[in-house]
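*Asks:* build me a model from this:
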Amino acid sequence: MVMKKVVASVMAVVTMALGFAGCGTKDTKKFIVGFDQDFPPMGFVDTDGSYAGFDLDLAKEAAKRMGREFVAQPINWDSKDQELKTGNVDCIWNGFTISGREDGYTWSKPYMANNQVVVVKNDSEIASLDDLAGKKVAVQKDSSALAAVNDNPTLKATFGELVEMDSYLNSMMELEMGSIDAIVMDEIVARYEIQTSGKAFKVLDDAVASEEYGVGFYKGNTALRDEVQKVMDEMAADGTMAKISEKWFGADVTILGK
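*Replies:* Coordinates of the predicted model:
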């Protein structure tokens, strides 16, 4: 009986040790980045089936400098909080707007500026925000665009209908087919998609809101945030961040350290 108790105790200690070792391996060996795979040019599925994008390139370089294995983990955007809470991802790095979410996450410093803009067809009669009166306007679910619209109740009240969609790519297809009249979305994404797809769309001059992008971590995870911030600062200082920006946008559009 005594021997059985000793064996059981030893096994319990070994099990705990292995459990801690497993946690340590996850924490120190991998950098799992959550992203929306339908959000070009920040993160998306490339023609060869691989994951690509400006933010993913930044995150991959950060992981390399931290000595971690980079893992791109596509998620449903409206499930991002649960993904962080359960530890399925280490951070959200995907055109993630800080404005309006300041208290919901532990944030990196802003590294990029962005506007929420209105996209319409080239031949649309809509030329300003006032022209959205009575129109069917789309936004992505749980997005900064939705927050921007909700923060402008006067504008929102003029819409004929506000439609929440799963992705901006689906919204653009609906706009092309004429089932919606306009989309409120990130300017960076809108201009990139219009440029690369050749769609007959335009961006209105009037912005709905201005904002900044950051890397979002689970609330209180300052240790990982500080580790990532350190290498982001290095990337900004040595020109790597600018180089990655130029690859995707033809210019340095980043703001970190400036």
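
*Asks:* wait, residue 228 sits on residue 106?
*Replies:* No. Under the criterion of CB atoms under 8 Å, residue 228 is not in contact with residue 106, lying 10.4 Å apart. (Each C-beta comes from the backbone N, C-alpha and C, glycine too.)

*Asks:* neighbour count: those two, which is higher?
*Replies:* Looking at residue 228 and residue 106 with other CB atoms under 10 Å, you find the greater number of neighbours at residue 228, namely 25 against 19.

*Asks:* now do the phi/psi pair for the more buried one.
*Replies:* Per-residue torsions, residue 228: phi -70, psi -40 (degrees, to the nearest 10).

*Asks:* find the nearest non-adjacent residue to it, please.
*Replies:* Setting aside the residues directly before and after it, residue 228 is nearest to residue 62 in space (CB to CB, 6 or more residues apart in numbering), at 5.7 Å.

*Asks:* any idea how far that neighbour is from residue 202?
*Replies:* Distance from residue 62 to residue 202, counting by CB to CB, to the nearest Å: 35 Å.

*Asks:* so where's the protein shaky on pLDDT?
*Replies:* Counting by pLDDT under 70, the chain shows low-confidence ranges at 1-28.

*Asks:* how about the helices in this structure?
*Replies:* Taking DSSP state H as the criterion, the chain contains helices spanning 2-29, 54-66, 80-85, 144-150, 153-156, 168-177, 187-197, 222-237, 240-249.

*Asks:* so which of the ones you listed gets nearest residue 133?
*Replies:* Taking CB to CB as the measure, these were each checked against residue 133, and helix 153-156 came out nearest at 9.4 Å.

*Asks:* contacting residues around that closest one?
*Replies:* Counting by CB atoms under 8 Å, 6 or more residues apart in numbering, helix 153-156 makes contact with 129, 132, 149-150, 162, 208, all of which sit outside it.

*Asks:* now do the buried residues in that helix.
*Replies:* For helix 153-156, burial by neighbour count (16 or more other CB atoms under 10 Å) applies to 155-156.

*Asks:* what's the distance between that helix and the middle of its chain?
*Replies:* Helix 153-156 sits 25 Å away from the centroid of its parent chain (CA atoms, centre = their mean, to the nearest Å).

*Asks:* could you count how many residues lie near the residue nearest to residue 55 when sequence neighbours are not counted?
*Replies:* Excluding its sequence neighbours, the residue lying closest to residue 55 (CB to CB, 6+ apart) is residue 42, at 4.4 Å. Number of residues near residue 42 (other CB under 10 Å) recorded here: 26.

*Asks:* go on, the one 10 residues further on?
*Replies:* Applying the criterion other CB under 10 Å, we find 18 residues in the vicinity of residue 52.

*Asks:* do residue 221 as well
*Replies:* 17.

*Asks:* so who does it touch?
*Replies:* Applying CB under 8 Å, 6+ apart to residue 221 gives the contacts residue 106.

*Asks:* separation between it and residue 65?
*Replies:* As for residue 221, its distance to residue 65 is 19 Å (criterion: CB to CB).
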